[in-house]
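Chemist: with the sequence up front, the predicted model follows.
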Amino acid sequence: MIEIRNIEKSFGDSKVLKGVSTIFETGKTNLIIGQSGSGKTVLLKSLLGIHKPDEGSISFDGRIYAELSKDEKRELRTEIGMVFQGSALFDSMTVEQNVGFPLKMFTRNSRAKIQERVDFVLKRVDLVDAHNKLPSEISGGMQKRVAIARAIVNNPKYLFCDEPNSGLDPNTSTLIDNLIKEITEEYNITTVINTHDMNSVMEIGENIIFLKDGVKAWQGTKEEIFITDNEDIVEFVYSSNLFKKVREAYLKEHKALSL
Amino acid sequence: MWKEIFNKPTKWSVMKTLIFKEIDDLIIGSLGIVAFISFFVGGVVAIQTALNLTNPLIPSYLIGFATRQSVILEFAPTFISIVMAGKMGSFITSSIGTMRVTEQIDALEVMGVNSLNYLVFPKLMALLLYPFVIGISMFLGILGGWMAGVYGGFTASTEFIEGIQKDFIPFHIAYAFIKTFVFALLLATIPSFHGFYMKGGALEVGKASTVAFVWTSVTIILINYILTQLLLS
C-alpha cells in the first residue's frame, strides 16, 4: 500500500500539486487520470522519487520515503518496477538482456538462474520468440510487453506505469491492460497507472483518482464512474459521444433494474 | 558530476563488460581514422618542409627532424584530439542524449542505478587507453613522413632517419603523453556532461553534440596552451 498525504509541488511560481492525499491499494490497479497539465506525471514522478515534494509525505507500506536513509531508499528502489510511456528499453541490449538487467545489477544469482527467470517472465508476457531481438526490431506492443517483463522480473512490490497504452491499437491496449491487471493480482503488487485512455479506465479501473488543476477532484471505482454526479469527472470522461451513450445506456438499465 | 561518477559504483561484473564495450566503440573504433589521418598528414608535413628548404646550406635531415617535432609535439596529441572531439565526442553526447530523450536514463535511476557512474565511468576507463591511440598516431605520422620524403624523392632514407634521431629530448614524449592524458579526460567528460544534462528532443540531441564538440575543442586548445607554457617554457 502506498499512502500519500497532502502532497504539494511547485515549479517556480506554478503550483502543480495542491495538497493531494490518497491511498493506492495493494493487489489493485490504481489509476491516476486527468487532463494534460493536471499534475498526473508530477504525482507519478514524486512517487518514484524523481521529484521531491515541497510538502506532504509518501509512505510505502509504512516506510515514509523522506525519512529513509540513502541505503534504505536504494533498497526501496529495487522493490519498484516501472513501465515508461515510451517503454525506455535499452537499445543496445537484446530483449533478453533488457529483461535480465535488474537481476544482473541487483542480485547475486548465477547466469543459469537469471536465464531461467528471464525465460519465465518473457513467457508470462507472451513473448517467446523475441529473446535475441533488439528493441528496434520488435513492434510497439511487444516493446511494452518487454517493458512490463523488465518491470516485474525482480518481483517488485510496487509497479508504476506511465501511459502504458500510448501509441497502441485498441486490441493491443486491451491486452496490455489485462496483462497488468493479471500481474497485479497474481503477485499482489501495488500498481499505479497514469493514463488518459478511457478504455483502460473502464477495463481495469479498480481505484481511480481524478486530478484537476493539481487537486484530487474525485476518487472511486469504474462502476462508480457511471453513476457519479461529480461534474468535473463527468465532463472529462464523457467528453466523447461514444462514452456518453454508454453511460446513458448504463443509467437507463440501472434505473430499470432498480424500479 | 565528478563526485557522482565515482559514487556508488556499479557491480564489477557489469562494469567490466561496459568498459570493454567502450574500449571497442571509442578506442578500437577510432584506430582506422586516426591511422589514415596520421599517415597522410605526416606525409604532408615532410613534403611541405622539403619544399620550403630552398637554401642548400640547410641540411636535408631537417625534413625528418621537423616531421618528428611537429608530429610528436602537436599533431598527434592535439590535432588528433580535436578530430576525436568530433568523432568520439559526438558519439558520446548523442548516445547519452538519446538515452535521456527516450527515458532510458530515468529507467536506470528508477531502478536504483547510479546512471552517471554507469554511463560515464566506463568511458573514462576506456579513454585511459587513449595514449595508446596517440602512440600509434605518432608512429604512423613519422612513417608517413618517411615514405613521402623518401619515395617522393625529397630526401634519402638515412638522412630522414638521422633527422628523426637528431637532438632528441625524451621529455618531449612525456610532455605529449601528459597532454594526451588530460585531453582523454576532457574527451570523456565534456561530451558526457552535454549529453547527460540535455533537455528536449531529437533536435536538441543534435544541438548538444555540436555544442559538446565546440566546447571540447576550445577546452583542448586552451589546456594545450597552458600545459605547453607550464611544461616546455
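Modeler: Received it, and whenever you're ready, just let me know what you need. Numbering: from 1, shown residues only, chains lettered A, B, ... in the order given.
Chemist: so how many other residues sit close to the closest residue to A:H131 other than its chain neighbours?
Modeler: In space, and not counting its chain neighbours, A:H131 is closest to A:E96: 4.3 Å by Cβ to Cβ, 6 or more residues apart in numbering or on different chains. Just so you know, the C-beta spots here come from the backbone N, C-alpha and C atoms, and that holds for glycine as well. Around A:E96 sit 20 other residues, with neighbours defined as other Cβ atoms under 10 Å in any protein chain shown.
Chemist: please see if the longest helix seen in chain B touches chain A.
Modeler: Assignment by DSSP state H gives helix B:202-232 as the longest helix of chain B. No - applying Cβ under 8 Å from any Cβ of the partner chain, one finds helix B:202-232 separated from chain A by no less than 12.5 Å.
Chemist: in a strand, that's where the residue nearest to A:H131 is, yeah?
Modeler: No - counting by DSSP: H, G, I helix; E, B strand; the rest coil, A:E96 is not found in a strand; it is helix.
Chemist: list the contacts for it?
Modeler: Going by Cβ atoms under 8 Å, 6 or more residues apart in numbering or on different chains, A:E96 touches A:Q115, A:V118, A:L122, A:H131, A:N132.
Chemist: in helices, which of the residues you listed appear?
Modeler: Using DSSP H, the contacts of A:E96 in helices are A:Q115, A:V118, A:L122.
Chemist: for the most centrally placed residue in chain B, give me the pLDDT.
Modeler: Centroid-nearest residue in chain B, with Cα atoms, centre = their mean: B:S81, separated by 3.0 Å. With respect to pLDDT, B:S81 scores 96.
Chemist: how close does it sit to B:I19?
Modeler: From B:S81 over to B:I19 the distance is 21 Å, taken as Cβ to Cβ, to the nearest Å.
Chemist: same question for B:Y197.
Modeler: B:Y197 is 23 Å from B:I19, by Cβ to Cβ.
Chemist: before we move on, what about B:F160?
Modeler: With Cβ to Cβ as the criterion, B:F160 and B:I19 are 40 Å apart.
Chemist: picking that back up, which single one of the ones in helices among the contacts of A:E96 is nearest to A:N194?
Modeler: A:L122 (25.0 Å; Cβ to Cβ).
Chemist: measure the residue nearest to A:H131 to chain B for me?
Modeler: Per Cβ to the nearest Cβ, to the nearest Å, A:E96 is found 15 Å from chain B.
Chemist: where does that residue land on pLDDT?
Modeler: 93.
Chemist: where does the prediction get shaky in chain A?
Modeler: A:255-259 (pLDDT under 70).
Chemist: about what we covered before: more neighbours, B:F160 and B:I19?
Modeler: Remark: of B:F160 and B:I19, B:F160 carries more neighbours, 27 against 19, as counted by other Cβ under 10 Å.
Chemist: next, the contact list for that one, please.
Modeler: Taking Cβ under 8 Å, 6+ apart as the test, what B:F160 contacts is B:A46, B:Y61, B:I63, B:G64, B:T67, B:G145, B:W146, B:G149, B:V150.
Chemist: make it 6 Å
Modeler: B:G64, B:W146, B:G149 (Cβ atoms under 6 Å, 6 or more residues apart in numbering or on different chains).
Chemist: distance of it relative to chain A?
Modeler: From B:F160 to chain A the distance is 46 Å (Cβ to the nearest Cβ).
Chemist: in space, what's closest to that residue - neighbours in sequence excluded?
Modeler: Nearest one to B:F160, counting by Cβ to Cβ, 6+ apart, is B:G64 at 3.9 Å.
Chemist: thanks a lot, catch you later.
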